[in-house]
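Novice: what would the 3D arrangement of this be:
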Amino acid sequence: MSEKKKTKDPKSPGTPVLILFLLGIVAVIQLIPFYLGFVTSFKGSRDLGSVWALPFGGSLENYRIALDAGHVGQAILNTAIITVGVTAIVVVVGALAAYPLARRRTWPNRMILLMTLAVMMIPPLSILVPLIRQLRKLGMMDSHLGLILILAAFALPQAIFLYSQSLRSIPLSLEEAAKIDGAGPLRTFFRVVLPLLRPVTISVVILTGTNAWNEFALSNYILTSETTRPLAPAIAGFFGASGANINAAVAGAIMGVVPVLIVYLFLQKYFMKGMMDGAVK
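Specialist: Numbering: from 1, shown residues only. The predicted model follows:
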């Protein structure tokens, strides 16, 4: 019996050349700011050429100014401390708070969840004055701990919502089996439930970490000294009433965006999967 040769239907869609072309244009547009920033960071103050042109005899002078005069290195370290602290609190507290809200669907728990989500509607700057007063009373003004607690409080509602949505997709039979084996509630949560929440945990880590890393408004008022100042206010320090050092500011911004970019490139597949779990399940 002879095999029939498979013929391609002329009406069937071929390679989506147009879609690839459009995606290529979008990618180029997204890469333009990075190109302009990279080129500008190597240009000297006397380089008056086009912003699109490569620097003439480029040097690392702007990066030296950003590190020495702008204290960008210390600012990156401060930002890393704040980001890690906020992310750790949000992941642990958010997961623990969402667990009973998702498992016990009583009307008080539903009201608590709605009230928690309502916090997301409050602009942080609208309560800046009472926050600063409270921090001064607690002795946390111009300290990393004060800003960490505030940022964690504003990031928890989103984390609780994402965790509660994903917890509803985990069958109760797994927890019942762990209970039969003698595991307590906390051990069941950390040994059985939490490992199954890895995709949404990665999403919470990326969302919370990125927001904490880029935070400017609150940190600009709470952290005022050079030893505690994070990255965004440090870069803003290059712009003043007497002038602006744009090249050094761009060099500092590039040094600050590299860690976030590396983390996102490694965790992007978990980020997409976690967002889908939180939105669909």
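Novice: assign the residue nearest to residue 53 when sequence neighbours are not counted to helix, strand or coil.
Specialist: Take residue 53 and drop its neighbours on the chain: the residue closest to it by Cβ to Cβ, 6 or more residues apart in numbering is residue 39, 7.5 Å away. C-beta: built from backbone N, CA, C; applies to glycine. Per DSSP: H, G, I helix; E, B strand; the rest coil, the local secondary structure of residue 39 is helix.
Novice: any low-confidence regions in the stretch 151-281 of the chain?
Specialist: 241-243, 270-281 (pLDDT under 70).
Novice: those strands in it, which residues are they?
Specialist: For the stretch 151-281 of the chain, the strands defined by DSSP state E, counting those that start in this stretch cover 239-240, 243-244.
Novice: which residue is nearest the middle of this structure?
Specialist: Centroid-nearest residue in the chain: residue 210, 1.9 Å away (criterion: Cα atoms, centre = their mean).
Novice: OK, contacts around that residue?
Specialist: 260, 264 (Cβ atoms under 8 Å, 6 or more residues apart in numbering).
Novice: can you rerun that using 7 Å?
Specialist: residue 260 (Cβ atoms under 7 Å, 6 or more residues apart in numbering).
Novice: then residue 234?
Specialist: Residue 234 touches 70-72, 75, 252, counting by Cβ under 7 Å, 6+ apart.
Novice: ok, residue 102 to residue 190 distance?
Specialist: 16 Å (Cβ to Cβ, to the nearest Å).
Novice: that older thread, widest-spaced pair of the contacts of residue 234?
Specialist: 71 and 252 (9.4 Å; Cβ to Cβ).
Novice: the two: which has the busier surroundings?
Specialist: With neighbours defined as other Cβ atoms under 10 Å, residue 71 and residue 252 compare such that residue 252 has more, 30 against 18.
Novice: with distance to residue 195 and mean neighbour count added, can I get the strands of the stretch 151-281 of the chain in CSV?
Specialist: As requested, these are exported to CSV (distance: least, Cβ to Cβ, whole Å; neighbours: other Cβ atoms under 10 Å):
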stretch, distance to residue 195, mean neighbour count
strand 239-240, 46, 10
strand 243-244, 49, 10
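Novice: okay if I get those strands as a markdown table plus distance to residue 202?
Specialist: Listed next are these as a markdown table, based on distance: least, Cβ to Cβ, whole Å:
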| stretch | distance to residue 202 |
| --- | --- |
| strand 239-240 | 35 |
| strand 243-244 | 38 |
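Novice: good, we can wrap up now.
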